[in-house]
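**Q** Quick one, what's the 3D model for this:
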Amino acid sequence: MRTVDESNAINVVRGWANALMSEPRMRQMRRTQAGLELNGVAEFLEQRFPLEPAEPPPVAPPGGLLLPTDALTPGTFISSTDTVDRLTPGWFMPMPAFRISGLRYTPEHQAWDCNAPFGEPQRGGLWGSLKPGVVLYAGNDNRPNIPLSWNRGKHVIVDYGSGLIGCACHFDDLLVDTGMEVDGGETLGRIGSTGYATGPHVHQWVERNGVRVDWIAEGHYTPVG
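**A** Residues are numbered from 1 along each chain as shown. Here you go, the predicted model:
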């Protein structure tokens, strides 16, 4: 919900924008006043929306390979045939091959958006569990009072054990139930676009002891192609 200060800032900007459009020959005094007030709005916005502090570089876990996330752009393929021997022990391919299909892992988007390689169906592909575990929840997103952009749609949360939890979102169909035990790579659902999604994909995140981690950059999966 917009605050009073934010509304006042918007009103100042709109007021001077209308004045500038309606009075092409404003007197010097009014131009000076406009500059002062607009600078005040800029200072308010800088305080209201400070720059994010630089994120420390990720640290590879024991046995993991640290990958440069700059190399992982939309369209990157992750292929089991080329990387299976280099997977961190205990991690599994969610499908025989997948690509980074949308948003990458950032401080603002702490997950990877994935889908099948080009040339394969982008809707309906089967997505599996990254590790063996127990399904904590399988169902539609029914969290109350969340922003629309946070809606996971049909999703599955899996407890991998040792403080690791994974969540795969936006399925069209769920193929597991809450409480089920799943093997690594076992199918969770069919890729879709339920919830807040601009197209079919899987929004996959992983938490370690309650903190989101970059499960690809840690080296559990190596991009090829």
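**Q** What ranges in this structure fall below the confidence cut-off?
**A** Within the chain, the stretches with pLDDT under 70 are 1-73, 75, 77, 79-88, 222-225.
**Q** where do the strands sit along the chain?
**A** Ranges of strands in the chain, per DSSP state E, are 77-79, 97-100, 112-115, 126-128, 133-139, 154-161, 164-174, 181-182, 187-191, 202-208, 211-213.
**Q** so how many other residues sit close to Gly102?
**A** As a burial measure, Gly102 scores 18 neighbours (other C-beta atoms under 10 Å). (Each C-beta comes from the backbone N, C-alpha and C, glycine too.)
**Q** So it sits against His201, correct?
**A** Yes - with contact defined as C-beta atoms under 8 Å, Gly102 counts as touching His201 (5.5 Å).
**Q** Quick check: neighbours shared by those two?
**A** With contacts taken as C-beta atoms under 8 Å, 6 or more residues apart in numbering, the residues that reach both Gly102 and His201 are Asp113, Asn115.
**Q** Point out the most buried one among the strands of the chain.
**A** Across the strands of the chain, averaging neighbours per residue (mean count of other C-beta atoms under 10 Å) puts strand 112-115 on top, at a mean of 24.
**Q** what domains does the record give for this structure?
**A** Segmentation of the chain into domains, based on automatic domain parsing, reads 4-48, 69-220.
**Q** Now do the helices in this structure.
**A** Ranges of helices in the chain, per DSSP state H, are 4-22, 28-48, 80-83.
**Q** Output stretch 172-183 as CSV - backbone C-alpha positions only.
**A** In CSV, the C-alpha atoms belonging to stretch 172-183 read as follows (Å, rounded to 0.1, in the frame of the first residue of the first chain):
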residue,chain,number,x,y,z
ASP,A,172,-0.2,-27.6,-14.7
ASP,A,173,-0.6,-31.0,-13.0
LEU,A,174,0.8,-32.4,-9.8
LEU,A,175,1.9,-36.1,-9.7
VAL,A,176,2.7,-36.4,-6.0
ASP,A,177,0.8,-35.9,-2.8
THR,A,178,1.7,-34.3,0.5
GLY,A,179,3.5,-36.8,2.8
MET,A,180,4.9,-38.9,0.0
GLU,A,181,8.5,-40.0,-0.1
VAL,A,182,10.2,-39.3,-3.4
ASP,A,183,13.4,-40.5,-5.0
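**Q** Name the residues that touch that stretch?
**A** Applying C-beta under 8 Å, 6+ apart, the external contacts of stretch 172-183 come out as 92, 123-124, 126, 129, 132-139, 154, 156, 158, 186-194, 200.
**Q** One more pass at 7 Å, please.
**A** With C-beta atoms under 7 Å, 6 or more residues apart in numbering as the contact definition, stretch 172-183 has outside contacts at 123-124, 129, 132-135, 137-138, 154, 156, 158, 187-190, 192, 194.
**Q** contacting residues for Trp127?
**A** By C-beta under 7 Å, 6+ apart, the contact list for Trp127 reads Pro94, Met95, Ala168, Leu188, Gly189, Ile191, Val202.
**Q** still on that earlier bit, output the strands of the chain in CSV, with distance to Pro147 appended to each entry.
**A** Below are these laid out as CSV (distance: least, C-beta to C-beta, whole Å):
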stretch, distance to Pro147
strand 77-79, 30
strand 97-100, 24
strand 112-115, 18
strand 126-128, 25
strand 133-139, 19
strand 154-161, 16
strand 164-174, 15
strand 181-182, 30
strand 187-191, 23
strand 202-208, 15
strand 211-213, 18
